[in-house]
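What follows is a protein structure lacking sequence information:
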């Protein structure tokens with residue numbers, strides 16, 4: 001009875017057996033729909049003061065903060081394996097942090113010196129400069145604070161000054177990660193007004209108030225000093241339609257590309273953005289995602305290399321152009337090899 005049913009079932013399907021194409025490695029390679037290459041990866045770097053200095057990040061095994069000279073060496077390594085761009089995040093010394101975040105627009109700040117050093121030594125690699133105040137503020141917030149309220153327009157004004165010194169120092173892409181209203185339009189107007197029409201804006205258009213940012217905040221030194229939370233400006237993780245409105249507004253204001261952050265928990269947002277907007281879309285495999293893979297692998301719960309590769313293919317399958325990932329250098333070397 002079962003044999004007859006099976007024969008009838010296969011006859012009904014016209015003899016199709018979808019496993020045929022999966023039977024061998026060469027066949028799987030021929031029908032693979034998604035391709036991952038080193039050019040799909042952007043490598044985030046954390047920068048500290050000093051010379052030949054590197055410090056471990058407790059919650060991000062294998063990731064280090066690097067002094068400017070070591071960032072230059074990292075840029076050379078990235079270039080040599082085909083990584084097209086770096087995203088820079090400074091860990092500003094405590095004595096330079098303030099309530100008004102004025103170090104953000106100091107033309108000799110840690111970010112600007114790093115941009116200049118890398119651009120001088122490795123001019124062919126793209127440099128993405130983070131524009132937000134949490135790396136410079138004494139309270140860990142992305143915006144200026146008055147009486148417990150995050151000030152929108154006043155924050156945007158500081159961000160504009162920060163973006164201008166970063167661009168002058170060598171930034172190719174300005175990446176506002178704050179989620180203040182109107183900042184893309186203000187940045188575009190300021191950049192164009194200063195003759196930087198070719199500088200791109202990568203807007204963190206759908207950035208969620210996520211619990212996956214913890215290790216990053218430790219890495220840039222903002223986590224322990226954060227007062228309150230960021231829910232009044234970063235997005236509610238229960239919302240999806242709102243993300244499309246944010247993305248649409250940033251594109252209308254002049255964003256050249258948009259970012260979805262975090263990554264894997266928000267691939268539905270990536271897919272909706274891909275289906276609705278004709279702009280480059282990036283996603284960030286954030287510090288918490290990185291830590292989960294590393295810590296699970298260290299516990300023997302998963303295959304580390306396999307999980308890294310699978311997670312990056314998920315980003316590409318969802319529709320991103322490139323992924324910001326701390327695995328970038330290792331993965332690019334594996335792919336190139």
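All right, it came through fine. Since the model is a prediction, treat every value here as computed from it, not as a measurement. Residues are numbered from 1 along each chain as shown.

Tell me if I am right that residue 87 is in a strand.
Yes: membership of residue 87 in a strand is supported by DSSP: H, G, I helix; E, B strand; the rest coil.

what separates the closest residue to residue 72 other than its chain neighbours from residue 169, distance-wise?
Once flanking residues are discounted, residue 72 sits nearest to residue 121: 4.8 Å by Cβ to Cβ, 6 or more residues apart in numbering. C-beta here means a position set from N, CA and C on the backbone, and glycine is covered the same way. Going from residue 121 to residue 169 by Cβ to Cβ, to the nearest Å gives 14 Å.

Looking at the two, which is more packed in?
Neighbour totals were compared for residue 121 and residue 169, and residue 169 leads with 21 against 15 (other Cβ atoms under 10 Å).

Isn't the more buried one up against residue 116?
Yes: under the criterion of Cβ atoms under 8 Å, residue 169 makes contact with residue 116 at 4.8 Å.

Where do the helices of the stretch 51-200 of the chain begin and end?
For the stretch 51-200 of the chain, helices defined by DSSP state H, counting those that start in this stretch occupy the ranges 68-80, 110-121, 152-169, 183-193.

what sits up against the third one?
Applying Cβ atoms under 8 Å, 6 or more residues apart in numbering, the contact partners of helix 152-169 are 100-102, 104-107, 109, 111-113, 115-116, 119, 129, 131-133, 142-144, 171, 174, 176, 178, 180-183, 186-187, 190-191, 194, 196, 199, 233.

which residues of the stretch 1-150 of the chain fall in strands?
Along the stretch 1-150 of the chain, counting by DSSP state E, counting those that start in this stretch, strands occupy 41-48, 54-56, 64-67, 85-90, 126-131, 144-146, 149-151.

For those strands, give me CSV that also has mean neighbour count and mean pLDDT.
Below are those laid out as CSV (neighbours: other Cβ atoms under 10 Å; pLDDT from 0 to 100):
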stretch, mean neighbour count, mean pLDDT
strand 41-48, 24, 98
strand 54-56, 12, 96
strand 64-67, 20, 98
strand 85-90, 23, 97
strand 126-131, 23, 98
strand 144-146, 18, 94
strand 149-151, 15, 95
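
Kindly reformat those strands as TSV containing distance to residue 282.
Shown next, in TSV, are these (distance: least, Cβ to Cβ, whole Å):
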stretch	distance to residue 282
strand 41-48	7
strand 54-56	27
strand 64-67	22
strand 85-90	10
strand 126-131	9
strand 144-146	27
strand 149-151	25
